[in-house]
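Engineer: structure for the following, please:
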Amino acid sequence: MSTRKGFIAVSTSLAALAPLFERPLGAAAAAAAPHLPSPGGQSPPQFDLSTFETTLGAPATHRHLFASKLIDDGDVFDAVANTMDAYQLLGTSFSTIFPVAVLYHVGIALAFDDATWNDVLIPAAARLPAWIRSALPATLKPGSGNPALHPAVGARPDDLFSIDALMAQTRLQLYVCNNALYGFSTTLSGLLHESQGTTYARLTQGLVPRATVVPAGVWAVHAIQERGFTLLQTSL
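Structural biologist: Got it, this is the predicted structure:
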């Protein structure tokens, strides 16, 4: 899959989920959690709309949504950290702030754990299509893991500029686009000489904590705003 058009073509498979989202909220919450489309007969993750609703409905005075389609050295998490730092300067308790991030397109790579970067993404990086490769960090060393995951060497204990730090100190939740996971598995499987289903399983099982796969990142951006979150799109 070598073009953006091809990368998102799998979105048509979401048509099977349409009846769920057309139901009133109460009926949707009561329905069985649907399985998301997955390749090669691989057992797909479930998407539970009622859990999605419950998580986003947790009490919070300040609700912020950050969305990114690119990696950009983890800029989306820098935006979360800067927002939290501003609240801290204002004396606002982190317990009253609910940040969530939607990662879609190439940006889903930020949700992969170190093992997935080391075993799947980095080994294939040099052979990826240019439009994906250009979104990755300029230097990728074997075994270096997810560049946005860990605090920088010498970072202060209250430094929030990493996924690990944000997870430890804030209520951050991540939502990861299934369309993009499907597209990544299509591209990576050929480079890794394994089935698309195997690659898809490795990607979905290799997400960082508090990362939930959603039917489509673009759907999640709208759905989360409808639930009272302001939006900052950190990449265009």
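
Engineer: quick one: residues in contact with the helix or strand hosting residue 102.
Structural biologist: Assigning secondary structure by DSSP states H and E places residue 102 in strand 97-103. Contact with strand 97-103 is made by 56, 58, 60-68, 76-77, 80, 83-84, 87, 110-111, 166, 170-177, 180, 214, 217, 220-221, 224, 229, as judged by Cβ atoms under 8 Å, 6 or more residues apart in numbering. Bear in mind the C-beta positions are built from the backbone N, C-alpha and C, glycine included.

Engineer: just those residues: which are in helices?
Structural biologist: 56, 76-77, 80, 83-84, 87, 166, 180, 217, 220-221, 224 (DSSP state H).

Engineer: could you work out the most separated pair of these?
Structural biologist: With Cβ to Cβ as the measure, no two of the ones in helices among the contacts of strand 97-103 lie farther apart than 87 and 180, at 30.1 Å.

Engineer: and the strands in the protein?
Structural biologist: 62-68, 97-103, 173-177, 211-214, 230-233 (DSSP state E).

Engineer: among those, which is nearest residue 130?
Structural biologist: That would be strand 62-68 among these, by Cβ to Cβ, at 19.8 Å.

Engineer: quick one: list the elements packing against the closest one.
Structural biologist: On a contact count with 3 or more Cβ pairs under 8 Å, 6 or more residues apart in numbering; DSSP states H and E, strand 62-68 meets helix 75-89, strand 97-103, helix 217-226, strand 230-233.

Engineer: CA atoms only for the first one, dumped as CSV, please.
Structural biologist: If I follow you right, that is helix 75-89. This file holds the C-alpha atoms of helix 75-89, laid out as CSV (Å, rounded to 0.1, in the frame of the first residue of the first chain):
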residue,chain,number,x,y,z
ASP,A,75,4.6,17.2,19.2
VAL,A,76,1.1,16.2,20.2
PHE,A,77,2.3,15.2,23.6
ASP,A,78,4.4,18.3,23.9
ALA,A,79,1.1,20.2,23.5
VAL,A,80,-0.5,18.1,26.2
ALA,A,81,2.5,18.8,28.5
ASN,A,82,2.5,22.6,27.8
THR,A,83,-1.3,22.7,28.6
MET,A,84,-0.8,20.9,31.9
ASP,A,85,2.1,23.1,32.8
ALA,A,86,0.0,26.2,32.2
TYR,A,87,-2.7,24.8,34.5
GLN,A,88,0.0,24.0,37.1
LEU,A,89,1.2,27.7,37.0
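
Engineer: show me what that helix is packed against.
Structural biologist: So helix 75-89, by 3+ Cβ pairs under 8 Å, 6+ apart, packs with strand 62-68, strand 97-103, helix 163-169.

Engineer: check which residues of the second one are buried.
Structural biologist: By neighbour count, with 16 or more other Cβ atoms under 10 Å as the criterion, the buried positions of strand 97-103 are 97-103.

Engineer: quick check: mean pLDDT across it?
Structural biologist: Regarding strand 97-103, the rounded mean pLDDT is 98.

Engineer: give me the sheet partners of it and which way each runs.
Structural biologist: Paired neighbours of strand 97-103 in the sheet (DSSP bridges): strand 62-68 (parallel), strand 173-177 (parallel).
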